[in-house]
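1. Predicted model and sequence follow; I will ask about them next.
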Amino acid sequence: MEIKINIPQNDYVQPTRVRENVVQAICDAFLETHCNSIFHPYGDGCGRRKTHFVHPRTANKYASFQNYDWATENEGFIKFNGEEMKAAFKALQEAGYYMFRIYNYGSWMGYECSKKPFMEKGERVTEFNDFID
């Protein structure tokens, strides 16, 4: 028996573009000292969502990571990709900062930047290898 099916070819292509302004906004967000300066690549299943958007620093707003899936670049939020996050990790470490993997609320994994090479609640990392695209 012959079965003929029509399935469109998968057209997914992992983003590789690195936008300088986006990397700058990511670095700025990491360097802020507030609850939105932690990047969460995944949600934790308890209503805490991934933060794949960054809002650049403006005259009246600090830079921050956001979880607004509905956000658009017209509202100032920029969706970033894994290559841009890798570039930000590299740039921050070249500037003498340290990156840490942390867990908020016990299960919500995130990344935080520090001036010091030790963080009591975190595990030091040197590369960003999570798949977020």
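-> Sure thing, it's come through.

2. Let me know whether Thr51 touches Phe65 as I believe.
-> Yes - in this structure Thr51 lies within contact range of Phe65 using CB atoms under 8 Å: 4.0 Å. Every residue, glycine included, has its C-beta placed from N, CA and C.

3. Now do the shared contacts for the two.
-> Common contacts of Thr51 and Phe65, defined by CB atoms under 8 Å, 6 or more residues apart in numbering, comprise 36, 38-40.

4. Just give me the closest of the residues you listed to Arg19.
-> Checking the shared contacts of Thr51 and Phe65 against Arg19 by CB to CB gives Phe39 as the nearest, at 16.5 Å.

5. There's contact between the closest one and Phe65 in this structure, I believe.
-> Yes - with contact defined as CB under 8 Å, Phe39 counts as touching Phe65 (5.0 Å).

6. Overlap in contacts, these two.
-> Counting by CB under 8 Å, 6+ apart, the residues touching both Phe39 and Phe65 are 29, 51.

7. mind listing the strands for the protein?
-> Ranges of strands in the chain, per DSSP state E, are 53-55, 64-66, 78-79, 98-104, 108-114, 122-125.

8. contact partners of the third one?
-> Meaning strand 78-79. Here strand 78-79 makes contact (CB under 8 Å, 6+ apart) with 21-22, 25, 52-56, 71, 73.

9. Make TSV out of the residues you listed and add neighbour count and distance to Ile132.
-> Shown next, in TSV, are the contacts of strand 78-79 (neighbours: other CB atoms under 10 Å; distance: CB to CB, whole Å):
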residue	neighbour count	distance to Ile132
Asn21	10	19
Val22	21	13
Ala25	25	16
His52	24	6
Phe53	23	11
Val54	30	12
His55	21	17
Pro56	18	19
Ala71	17	16
Glu73	9	17
